[in-house]
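**Student:** predicted model and sequence below, questions to follow.
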Amino acid sequence: MTHGEVLILGLLKYKSYHGYELEKIIEKNMMRDWTKIGFSSIYNILNKLHKKGLIDFTYEEEQGGPKRKVYSILGKGEECLMETLISMLSIPQCPQSDIDLGITFSHLMTKQQRNVYLKKHQEQLVSDIEENKIILDQNFKHKPNVVLLFKRNIAHAKADIKWIDEILSES
């Protein structure tokens, strides 16, 4: 199951929504900062989940406008969501990362060049940590699951900062 599918099923677990409402929730909660989902892909994902029998929809009359599809998660969708969440939380995955690919071919530049760019990466991580702390404090400090997400991202950034320090000290 893709991250977009899990995101949509997770939101539909709370209540039924039409596509534009899902977009607003994703935007308001800054979910695009940690998962890739475009506005147009929301409707593609909804169609895909419907074809899989994980969600269904009804039509809602809109005053002065066309009927809208309102999507709801089905029992099969809830089961699939729970199985996927269990897997995501319990089985480590190696995420794909631009820096990993860059490191793979960093031998194509001088060690000095590599270190300059790793230092830039490290500086951006420090900035990202501060920005994440501000965003968390201003928007999400009362949402425990979101706090965990931000704390994990900050811990990863700190680990990468330490790793870059080790590389730079070896040079």
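**Tutor:** Structure's in. What do you need?

**Student:** okay, now the domains of this structure?
**Tutor:** As assigned by automatic domain parsing, the chain contains the domains 3-90, 98-170.

**Student:** I'd like the average pLDDT over the longest one.
**Tutor:** Right, the one you point to is domain 3-90. Domain 3-90 carries an average pLDDT of 93.

**Student:** in the chain, which spans are helices?
**Tutor:** Assigned helices in the chain, in chain order: 3-14, 19-28, 39-51, 75-90, 98-104, 111-135, 144-170 (criterion: DSSP state H).

**Student:** who's in contact with the third one?
**Tutor:** By that I understand helix 39-51. Residues outside helix 39-51 that contact it (CB atoms under 8 Å, 6 or more residues apart in numbering): 2, 4-5, 8-9, 19, 22-23, 26, 37, 55-57, 69, 71, 77. (Glycine included, C-beta is placed from N, CA and C.)

**Student:** identify, out of the helices of the chain, the most deeply packed stretch.
**Tutor:** helix 3-14 (a mean of 19; mean count of other CB atoms under 10 Å).

**Student:** could you check the angle helix 19-28 makes with that one?
**Tutor:** Counting by axes from the mean of the first three to the mean of the last three CA atoms, to 10 degrees, helix 3-14 lies at 110 degrees to helix 19-28.

**Student:** and the residue sitting nearest the centre point of the chain, what does it touch?
**Tutor:** Among the residues of the chain, the one closest to the centroid is residue 35, at 2.2 Å (CA atoms, centre = their mean). By CB under 8 Å, 6+ apart, the contact set of residue 35 is 3, 4, 7.

**Student:** mind redoing it with 7 Å?
**Tutor:** By CB atoms under 7 Å, 6 or more residues apart in numbering, residue 35 lies in contact with 3, 7.

**Student:** ditto for residue 4
**Tutor:** Counting by CB under 7 Å, 6+ apart, residue 4 has contacts 37, 41, 45.

**Student:** right, I'll call it a day here.
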